[in-house]
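Colleague: Following is a predicted model, sequence given first.
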Amino acid sequence: MNVNSVKMSNQCAYKKPQISFKCLRREVCTNMLINRNDTCFFRDGDLIKRLVDYLVKKFECVSKVNLYSYGCSIGEEAYSFLMYLVSKFPNDVVEKFTPIIAKDKDSFIIEEASANKPHIICTEEYENILKFTNNKYDRFLKENQGQVTIKDIIRNKVKFDVADITNDYVNINPDNSVVLMRNFLPYLNGNIDRWTLIRNLGKHLNSNSYLMIGEFDVRGTEWKVTNEIIDSGFERTEIEYLFKKKD
Ligand SMILES: C[S@@+](CC[C@H](N)C(=O)[O-])C[C@H]1O[C@@H](n2cnc3c(N)ncnc32)[C@H](O)[C@@H]1O
């Protein structure tokens, strides 16, 4: 299968087909991450939607929430969170959750994210953006000759930085924080690093804070990670993969 054959398939044909190797990889290798920076807008979109709704409610009486997106890649996770949040909630709620602190240990990727380098999206992402923004694609994204960049309305609400969570966790505010560390735990240096990180987060965060992992983390660690999180002082919430630090 080559790029052209995917290009012609119905799956990748929307009003302005934008196919990339990234898209090709995803469609050929369903559910497999073969590039370590790979992500997309509204990956697990329904989960992101439920997460945002849940957090808005849980933090109703709090004036500031510290939201961290670790392993942020070029920012799709943070921007997806924001697109849904801005589409659904009033300004004061948006202000409460922003800026999102987005960090990745890959300095090249952070350079690209900070410079608003064009994103390449495929059909599924395009359709999800419409779905979760009430068809307001143009409110958030700008297209120029097939290249997609982020509009200031959400771009200004994300602060990118280079950091490795295994030592940067000390810079997380222990209170009223939500730490997204999704879909990179299997890439850490084996079980020891993962265990140490999770235990450190368990000691560092207070009981008004949350930790979220991704499906890939669970599958890629043979489900061990969930027990490690619970053993480190967290409890499950009604949102899959979201854990709350215990009182
Ligand atoms: C597959 S992407 C996941 C992106 C996004 N979180 C998601 O769920 O779609 C993994 C990213 O995690 C980053 N990463 C891996 N280990 C990390 C670490 N120890 N600290 C911070 N980022 C890390 C990689 O550089 C890569 O950009």
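Modeller: Received the coordinates, thanks.
Colleague: CA atoms for contacts and neighbours, from now on please.
Modeller: Will do.
Colleague: low-confidence ranges in this structure?
Modeller: Applying pLDDT under 70 to the chain flags residues 1-36.
Colleague: got the domain boundaries for this protein?
Modeller: Residue ranges of the domains in the chain are recorded as 41-63+70-162, 164-247, according to automatic domain parsing.
Colleague: Let me have the ones you listed in TSV, adding mean neighbour count as columns.
Modeller: Below are these laid out as TSV (neighbours: other Cα atoms under 10 Å):
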stretch	mean neighbour count
domain 41-63+70-162	18
domain 164-247	17
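Colleague: Let's have those in CSV, adding distance to the ligand.
Modeller: Below are the domains of the chain laid out as CSV (distance: least, Cα to the nearest ligand atom, whole Å):
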stretch, distance to the ligand
domain 41-63+70-162, 3
domain 164-247, 4
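Colleague: how about the strands in this structure?
Modeller: Secondary structure of the chain (DSSP state E): strands at 66-70, 100-104, 141-144, 147-150, 158-162, 177-181, 210-212, 234-236, 242-245.
Colleague: Tabulate those (TSV), appending distance to residue 187.
Modeller: Converted to TSV, the strands of the chain look like this (distance: least, Cα to Cα, whole Å):
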stretch	distance to residue 187
strand 66-70	13
strand 100-104	13
strand 141-144	31
strand 147-150	28
strand 158-162	17
strand 177-181	12
strand 210-212	16
strand 234-236	22
strand 242-245	20
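Colleague: Tell me which of those sits nearest to residue 118.
Modeller: With respect to residue 118, and counting by Cα to Cα, the nearest of these is strand 147-150 at 4.9 Å.
Colleague: which helices and strands does that closest one pack with?
Modeller: strand 141-144 (3 or more Cα pairs under 8 Å, 6 or more residues apart in numbering; DSSP states H and E).
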